[in-house]
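> my questions concern the predicted model and sequence given below.
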Amino acid sequence: MAAVINIRSRFDLRLSQQIILWNDIIKVFKGAEYVQLAGTFVPYLVNDDFEDMIPLRIAAHPGVVLEVVITSAPRLPFSHQ
């Protein structure tokens, strides 16, 4: 297994929950395509019209290592605090 890289979550006031910005993920994992948890895609958070929120973000999963799927490369895990 590759080394785990911690990415800090942020508190989204609009959603009242911890999130991870997609830009933070792609700064660390060049070529990142998506994130998965136990083989299941972790979707971007959406607004009331089910459109991806801008900036793109995913829900934080405290204490859980998520996998970043990279273009043409093996999956790389990450965790957040």
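Done, it's in.
> quick one: pLDDT of residue 81?
The per-residue pLDDT reported for residue 81 equals 58.
> tell me the contacts of residue 33?
69, 70, 71 (C-beta atoms under 8 Å, 6 or more residues apart in numbering). C-betas here are computed from N, CA, C, even on glycine.
> please apply the same query to residue 15.
residue 45.
> same thing with the one 4 residues further on?
Remark: with contacts taken as C-beta under 8 Å, 6+ apart, residue 19 is in contact with 9, 10, 11, 12, 45, 57, 58, 59, 60.
> each with direction, which strands does the strand or helix carrying it pair with?
Per DSSP states H and E: residue 19 is located in strand 17-21. Sheet pairing for strand 17-21, assigned by DSSP bridges, gives strand 10-12 (antiparallel), strand 57-59 (antiparallel).
> so what's the closest residue to residue 57 other than its chain neighbours bridging to?
In space, residue 57 comes closest to residue 19 once its chain neighbours are excluded; the distance is 4.4 Å by C-beta to C-beta, 6 or more residues apart in numbering. Residue 19 has these beta-bridge partners by DSSP bridges: residue 10, residue 59.
> measure residue 19 to residue 29 for me?
17 Å (C-beta to C-beta, to the nearest Å).
> which parts of the chain are strands?
5-6, 10-12, 17-21, 32-37, 40-42, 57-59, 66-70, 76-79 (DSSP state E).
> re earlier: and the contacts of residue 19, which of them are buried?
Buried subset of those (neighbour count, 16 or more other C-beta atoms under 10 Å): 9, 12, 45, 57, 58, 60.
> what is the burial count for the nearest residue to residue 36 once chain neighbours are set aside?
Take residue 36 and drop its neighbours on the chain: the residue closest to it by C-beta to C-beta, 6+ apart is residue 67, 5.0 Å away. Residues lying near residue 67 (other C-beta atoms under 10 Å) number 18.
> I'd guessed residue 67 sits against residue 79; true?
No: between residue 67 and residue 79 no contact is recorded; they are 10.5 Å apart, counting by C-beta atoms under 8 Å.
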